[in-house]
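# Predicted coordinates and the sequence they were generated for:
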Amino acid sequence: MAERLTGHTELVGLIAYPIRHSSSPAMHNEAFAYLGLDYAYLAFEVDNSTLEDAVKGIRALKLVGSNVSMPNKTVVGQYLDKLSPAAELVGAVNTIVNKNGVLEGHCTDGIGYMQSLKDYDIDVIGKKITVVGAGGAGTAIEIQAALDGVAEISIFNIKDKFWANAENTVKKINEKTNCKAQLFDLADHEALKREIDSSVLLANATGCGMKPLEGMTWLPDKSYLRPDLIVTDTVYAPAETEFLRIAKEVGCKHMNGFGMMLFQGAAAFKLWTNVDMPIEHMKEVLGIHYGD
Ligand code: NAD
C-alpha cells in the first residue's frame, strides 16, 4: 500500500451513512490495483446533515468523483451542476463525476441491472417485462429499462409509502420514453398472473428475501412461473432467495443481484477512469455467481 499510494494518487469517495459494511471499497480498489491505475477509493460517513459540505469537499479537494448511497442518493442532486437523463428521471444519484470542477450526477443502478442481463445473454429490448418493487432499486431498473428500449413494463407494488413513487415513475416513463408502463396493486393476483404470462422476464426489486424479510416472497406460488420465463432478483444476500429457489424449481433461467451490484460499480468505474473494469477478474476475486 505504501508503494501504491503516492502524491499523485487520485481519490474516489463513497459518501453514505452507515457505510463501513460496504463492499464497494474492496471492489474498486481491487480493480485499480489489478489494472495498475493510480487511484484509491475510500468510504466516508456522511449523512444529510453534512452532505452539502462533503460535496463542496469533492470540488475543493479535486476528487475524481464519488459514489453516493443512502441516505444521500435522493438528496445530493441539488448540490450538483448537471444530472444524467437517468439520474434526472429516477430522482437519485449514486455516482458523482468531477469534470474539472463541474460535478455531474449519474444513476448507474439501472445501467448495472441492464448490463448484467446482457452479460447473462438475456435480451429484453423491444419486449415486455414485469417488475415488482418501486423503491430505489425498482425505480432505477424501470427507468433504465424504458430508456434502453424495453417495449412494455408492468410494475407491481404493495400499497405502502412507495405507491406514490410508483405512480410517478409510470407517469415519467409514459411521458418521457417510448416505453409503455402500467402500475398494478401487488394484491391483485389475477393481474399479476396475466402480466407475468405476457412478459419475458419477471424481476423482484423489493426487499423480500433479504433480512428482515429473509425466507419470504410475494409470489403466491410456483404456478405463476413457467420454464421459459426469465426470473431476476435484486437481492444478493442471500445469493438464493425463496423467489429464486422457486424459479429454479420451475426451471426458469434466473439471476441474483450480484450482477447488478457488479455492473453498477463497473459503470461508475468507467465514468471516473474511462477504463473498463476487469469484469471476469472481479467475478473471480469477489466470488460472484449470478445463477446456477
Ligand atoms: P427501498 O426501501 O427503496 O424499496 C423497498 C421496496 O420493497 C418497495 O417497493 C416496497 O414497497 C417493497 N416492499 C417492502 N416490503 C414489502 C413486502 N412485505 N412485500 C412486498 N413488497 C415490499 O429499497 P431498495 O433500495 O429499492 O432495495 C430493494 C432491494 O434491492 C433490497 O433487497 C436491496 O438489497 C436490493 N438492491 C440491490 C442492488 C444491487 O446492486 N443488486 C442495488 C440496490 C438495492
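Now that the structure is in, tell me what you want to look at.
# list the contacts for the closest residue to residue 101 other than its chain neighbours?
Excluding the flanking residues, the one nearest residue 101 by Cβ to Cβ, 6 or more residues apart in numbering is residue 59, at 5.9 Å. (Each C-beta comes from the backbone N, C-alpha and C, glycine too.) The contact partners of residue 59, by Cβ atoms under 8 Å, 6 or more residues apart in numbering, come to 98, 101, 103.
# Do you know the pLDDT at the residue nearest the centre of the chain?
Nearest to the geometric centre of the chain sits residue 109, at 2.5 Å (Cα atoms, centre = their mean). On pLDDT, residue 109 comes in at 98.
# what do you get for residue 151?
Reported pLDDT for residue 151: 98.
# OK, contacts around the residue nearest to the centre of the chain?
Counted by Cβ under 8 Å, 6+ apart, residue 109 has contacts 90, 92, 94, 136-137, 140-141, 144, 260, 264.
# just residue 275 next, same as before
35, 37, 269.
# Any residue of stretch 274-291 touching the ligand?
No: using Cβ under 6 Å from any ligand atom, we find that stretch 274-291 stays clear of the ligand, coming within 10.5 Å at best.
# Export only the CA atoms of that stretch, formatted as CSV.
C-alpha atoms of stretch 274-291 as CSV (Å, rounded to 0.1, in the frame of the first residue of the first chain):
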residue,chain,number,x,y,z
ASN,A,274,-12.5,6.0,-18.8
VAL,A,275,-11.2,2.4,-18.4
ASP,A,276,-13.4,-0.8,-18.4
MET,A,277,-13.5,-2.6,-15.1
PRO,A,278,-11.9,-6.1,-15.5
ILE,A,279,-15.2,-7.9,-15.1
GLU,A,280,-14.1,-11.5,-15.3
HIS,A,281,-11.3,-10.9,-12.8
MET,A,282,-13.7,-9.2,-10.4
LYS,A,283,-16.2,-12.1,-10.6
GLU,A,284,-13.4,-14.4,-9.7
VAL,A,285,-12.0,-12.3,-6.9
LEU,A,286,-15.4,-11.5,-5.4
GLY,A,287,-16.7,-15.0,-5.9
ILE,A,288,-19.7,-13.7,-7.9
HIS,A,289,-22.2,-16.2,-9.3
TYR,A,290,-25.4,-14.9,-10.8
GLY,A,291,-27.5,-18.1,-11.3
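# rewinding a little: quick one: secondary structure of the residue nearest to residue 101?
helix (DSSP: H, G, I helix; E, B strand; the rest coil).
# ok, it to residue 103 distance?
7 Å (Cβ to Cβ, to the nearest Å).
# got it, and residue 75?
Taking Cβ to Cβ, one finds residue 75 at 14 Å from residue 103.
# and these two? which has more neighbours close in?
When residue 75 and residue 103 are compared for neighbours, residue 103 comes out ahead with 21 against 16, by other Cβ atoms under 10 Å.
# re earlier: neighbour count and secondary structure added to the contacts of residue 275, as TSV?
Formatted as TSV, those follow (neighbours: other Cβ atoms under 10 Å; DSSP: H, G, I helix; E, B strand; the rest coil):
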residue	neighbour count	secondary structure
35	15	helix
37	16	coil
269	27	helix
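# Quick check: which of those are also close to the ligand?
Applying Cβ under 6 Å from any ligand atom to the contacts of residue 275, none is adjacent to the ligand.
# Among those, which one lies nearest to the ligand?
Taking Cβ to the nearest ligand atom as the measure, the ligand sits nearest to residue 269 out of these, at 14.1 Å.
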